[in-house]
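Asker: Predicted coordinates and the sequence they were generated for:
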There are 4 protein chains.
Amino acid sequence: DEPLKIADREFRSRLILGTGKWRSNEEMLAALEASGCEMVTVALRRIDFDDPKSRSILEVIDWTKYQILPNTAGCRTAEEAIRVARLARAMGLSNWVKLEVIPDPKYLLPDPIGTLEAAKVLVKEGFVVLPYINQDPVLAKQLEEIGCATVMPLASPIGSGQGLPDFRWIQIIVEQASVPVIVDAGIGAPSDAALAMELGADACLINTAIAQAGDPVKMARAMRLAIEAGRLCYLAGRIPKKPYASASSPLEGVVR
Amino acid sequence: DEPLKIADREFRSRLILGTGKWRSNEEMLAALEASGCEMVTVALRRIDFDDPKSRSILEVIDWTKYQILPNTAGCRTAEEAIRVARLARAMGLSNWVKLEVIPDPKYLLPDPIGTLEAAKVLVKEGFVVLPYINQDPVLAKQLEEIGCATVMPLASPIGSGQGLPDFRWIQIIVEQASVPVIVDAGIGAPSDAALAMELGADACLINTAIAQAGDPVKMARAMRLAIEAGRLCYLAGRIPKKPYASASSPLEGVVR
Amino acid sequence: DEPLKIADREFRSRLILGTGKWRSNEEMLAALEASGCEMVTVALRRIDFDDPKSRSILEVIDWTKYQILPNTAGCRTAEEAIRVARLARAMGLSNWVKLEVIPDPKYLLPDPIGTLEAAKVLVKEGFVVLPYINQDPVLAKQLEEIGCATVMPLASPIGSGQGLPDFRWIQIIVEQASVPVIVDAGIGAPSDAALAMELGADACLINTAIAQAGDPVKMARAMRLAIEAGRLCYLAGRIPKKPYASASSPLEGVVR
Amino acid sequence: DEPLKIADREFRSRLILGTGKWRSNEEMLAALEASGCEMVTVALRRIDFDDPKSRSILEVIDWTKYQILPNTAGCRTAEEAIRVARLARAMGLSNWVKLEVIPDPKYLLPDPIGTLEAAKVLVKEGFVVLPYINQDPVLAKQLEEIGCATVMPLASPIGSGQGLPDFRWIQIIVEQASVPVIVDAGIGAPSDAALAMELGADACLINTAIAQAGDPVKMARAMRLAIEAGRLCYLAGRIPKKPYASASSPLEGVVR
């Protein structure tokens, strides 16, 4: 299989992890290791750049092993997201940004207009922009056209673990995309991650489903295997779904 | 993880393959290898015990590497299935039998009454019986109670690749079972196999989805990884599904 | 539309109601009226034939307006169900019986073997037998062949209100049946009832979803309309499901 | 039940029909009558205001009986949609507009950005704007806030008949809306329409599923009943979905 290519970087792993909601740093580090991931996202809003203590997440993880993907979680408007991304770059963190513009605290659904606005500004300023979006194929295409490096449609609301009960929209987004499609948010189990990859998604970003699992390290390994399984299926070509049965052991001509 | 225990045997692999519908023996052998499976099912009705030529499937596979699981595919009644199983044991093949009593050629759905009848007879005669059934928790319990070694509920009609659109019945069967539950038939993609295992199924039997995939060897590997992923998830404990979102990066107390 | 014909009787209504779980007799009677139903099922086990007081359900409803359909709810074995049905006939109640053989108290799922056994005996004794079954097309066919007047597959576990998340099995049962198919148990909302009828079911039996609704009379009317809507759709012929869109207002040739 | 109130008008019917894809004018008129609808949408792009012949749809229907709802189907950009809406008002047709901005010809999915832009302009110019949108709760809220009279999220792609396989988003839109929510596009059968109404949608717009049904008049009546059934259910209050069964005829204390 070819590596996943985002902007000018290549990744062998198609699984991206997050740094929120872990029970301990030890568990997080062991799970990162078990997941085989090469990129990890960090909420910029949780880093107080003026307070050395709060920067712990930057010190806990060995960033020579993982590429950091700063995200704008907690930003409600395009302006906030732009400001936070600029600050992170100014501090030398990265010019990559997982763009989240989320006005709604209950379902944490992204704002399509604000996301497109912020993406336009950040792309022009040279950021590598990975926008988090609803399952909207038209918006996905527009974000690609203005220069985003990927699109990141959700499977379900963040942290809900509902998976991908309706995969038609991801299918359309994949069909129309020329940039990588990363399914982000809502994945609850390996079967969800496998399904996303079978549909042709290029990668998955998973946080809560691993961090809050009974055994996060085991779950990290499960997700890694599922992502690989789904990708292999996509490459191998699955059988079509048929309304009727079709004997595994056809018995035409068998003497009865 | 503990090995899968069926009757008096133990298996490290939780994936069972079939010998029907392959494009070539070479492809089949390579896929068996890639799948890591330890047990392979063979349709007895396709073997003409009087004709050396037709016994090829018995010669093609190295049965020192795989345990043979004879099945009664093509048998429409309990009597037929009993006769075929007895013949196979008499020929020295095995005293294990995957019991299929299938009167209907279109959907290949099993007969609950005939299956229970045949199972009773075969169990009494010392067979290790693995019955193929519809998603019927009451029947599953009855088969267990008369001494079957496993129950093998279908995911969907044989060869349909429809997967597990409604997993409630498998969940109930697993909840009530004291013998291994092997999901058999209808699995179309790795996500289906992973889901079955996440629900607590002990193993999956897959044939068409691998044999008829674009690249069966790749798909065999995909299924192997998916089974392992689903099993790990079951052991690790998945997060619950929630109706609302739950921030991956909680921002309570963050200064705005 | 033709009337629904069961055994030698004809019904204009395709909705059957039950007498369990109502908050008051007044509410039940008003809902029966609003539903337009012509047949009502009564649990024989709840009638103490020796105690005049407990026979209230027989006195509450005006049985000149509704046909009584005695059921064997609460019977765990074929023997129990047969005994109860015989007693009801002996007491002059009816020779119709909704046959329930339910060993399992948690999911209230029917026993396929016990149901077939009891049905055989009761049919021979001249009963009009309407058996309650799981979604098993092979069993449905067998019950039809031994002379049952209908088959009554469940949508979901009794009282669960889960509806019909997987309608493939009902579809197959309908396709193969020559007797009326009555979907019984699990219907939670009008959309579930409409769906069952769209698939070609001949009628629905609904109890909990009406009796326990916030406003049972309103819900009875809703179910009546939904049954009629689903039936009309079945007769009218629905459009096929298509993977792509298809403009409602085609604009080929429109000048831009 | 209260009437449906949109802007300053009230409707007793909660079903809106379209004028595309009918096999004949006679069939359309009979179906409109059978549906009980009070509002009918017309694609402005199909009317050539300079050519009296092409205006037939305006002459075929008796617009004293139905309120006309002009739509901008076929408009790919905000500008086009605005222009068409203005022209329709200038011609005296209506100041109501069902706003469609659809750049994509394959899935006919709406452009969230273009729709919001056009809606802003048209609302300011005094139009009553009913925007067609994807299932995006954030966009729905924004359209409401700038003064749209309703929001019209799709069930599935236009004309696909796929219904509402994933109703979570409509549920969230309904929960957050203060203006009427009209489910538009993708409804294939009465059960889909009933489901939309059960979730709390205020109305449905249906075209292809009726116009292309085997018998459109029968289907129009089916949809009418289903809409009423779903609405009644919403008002009555459905039972919750439970994972386990719950006996319709509880038998506690019954003598065995």
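Answerer: Cool, the structure landed. Since we're looking at a predicted model, the values are computed, not measured.

Asker: mind listing the helices for the stretch 51-200 of chain A?
Answerer: For the stretch 51-200 of chain A, applying DSSP state H, counting those that start in this stretch gives helices covering A:56-60, A:78-90, A:112-124, A:137-145, A:168-176, A:190-198.

Asker: and the ones you listed, which is most packed in?
Answerer: Counting by mean count of other C-beta atoms under 10 Å in any protein chain shown, helix A:190-198 has the highest mean neighbour count of the helices of the stretch 51-200 of chain A, with a mean of 32. In this view, the C-beta of every residue, glycine as well, is placed from N, C-alpha and C.

Asker: I'd like the distance from that one to the chain centre, please.
Answerer: Computed by C-alpha atoms, centre = their mean, to the nearest Å, the chain-centroid distance of helix A:190-198 equals 12 Å.

Asker: what's the angle between that helix and helix A:168-176?
Answerer: 30 degrees (axes from the mean of the first three to the mean of the last three C-alpha atoms, to 10 degrees).

Asker: So is helix A:190-198 next to chain D?
Answerer: No. Using C-beta under 8 Å from any C-beta of the partner chain, we find that helix A:190-198 stays clear of chain D, coming within 13.8 Å at best.

Asker: helices and strands around that helix, which ones?
Answerer: If you count contacts as 3 or more C-beta pairs under 8 Å, 6 or more residues apart in numbering or on different chains; DSSP states H and E, helix A:190-198 packs onto strand A:203-206, helix A:216-236, helix B:190-198, helix B:216-236.

Asker: Check what pLDDT A:W22 gets.
Answerer: What the model reports as pLDDT for A:W22 is 94.

Asker: Contacts only, for it.
Answerer: For A:W22, the contact set (C-beta atoms under 8 Å, 6 or more residues apart in numbering or on different chains) comprises A:M28, A:A31, A:A211, A:P216.

Asker: residues in contact with the third one?
Answerer: When contacts are counted by C-beta under 8 Å, 6+ apart, A:A211 touches A:G18, A:G20, A:K21, A:W22, A:R23, A:E27, A:M28, A:A31, B:S248.

Asker: got it, and A:A78?
Answerer: Neighbours of A:A78 in contact, by C-beta under 8 Å, 6+ apart: A:V101, A:D111, A:G114, A:T115, A:E117, A:A118, A:V121.

Asker: And it, how close does it get to D:L143?
Answerer: From A:A78 across to D:L143, the span is 18 Å (C-beta to C-beta, to the nearest Å).

Asker: likewise A:V40?
Answerer: In terms of C-beta to C-beta, A:V40 sits 37 Å off from D:L143.

Asker: give me phi/psi at A:A43?
Answerer: phi -80, psi 110 (degrees, to the nearest 10).

Asker: how about the helices of the stretch 51-200 of chain A in CSV, adding mean pLDDT?
Answerer: Shown next, in CSV, are those (pLDDT from 0 to 100):
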stretch, mean pLDDT
helix A:56-60, 83
helix A:78-90, 94
helix A:112-124, 97
helix A:137-145, 97
helix A:168-176, 94
helix A:190-198, 98
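
Asker: Output these in a markdown table, with distance to C:K106 appended to each entry.
Answerer: Below are the helices of the stretch 51-200 of chain A laid out as a markdown table (distance: least, C-beta to C-beta, whole Å):
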| stretch | distance to C:K106 |
| --- | --- |
| helix A:56-60 | 46 |
| helix A:78-90 | 50 |
| helix A:112-124 | 46 |
| helix A:137-145 | 44 |
| helix A:168-176 | 35 |
| helix A:190-198 | 26 |
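
Asker: And chain B, is stretch A:141-161 touching that?
Answerer: Yes. Judged by C-beta under 8 Å from any C-beta, stretch A:141-161 comes into contact with chain B at A:P157, A:I158, A:G159, A:S160, A:G161.

Asker: how far away is the first one from A:T208?
Answerer: Distance of A:P157 to A:T208, given as C-beta to C-beta: 11 Å.

Asker: And the fourth one, by the same measure?
Answerer: As for A:S160, its distance to A:T208 is 8 Å (criterion: C-beta to C-beta).

Asker: And the helices and strands packed on helix A:190-198: which comes nearest D:D1?
Answerer: helix B:190-198 (41.7 Å; C-beta to C-beta).

Asker: Next one: the closest residue to A:R86 other than its chain neighbours, what pLDDT does it get?
Answerer: Nearest non-adjacent residue to A:R86, counting by C-beta to C-beta, 6 or more residues apart in numbering or on different chains: A:E125, 7.5 Å away. The model reports A:E125 with a pLDDT of 97.

Asker: Give me the neighbour count for A:E125.
Answerer: By the criterion of other C-beta atoms under 10 Å in any protein chain shown, A:E125 has 13 neighbours.

Asker: Need phi/psi at it.
Answerer: According to degrees, to the nearest 10, A:E125 has phi -90, psi 10.

Asker: Point me to the residue of the stretch 51-200 of chain A nearest chain D.
Answerer: Across the stretch 51-200 of chain A, the shortest distance to chain D (C-beta to the nearest C-beta) belongs to A:D166, at 3.3 Å.
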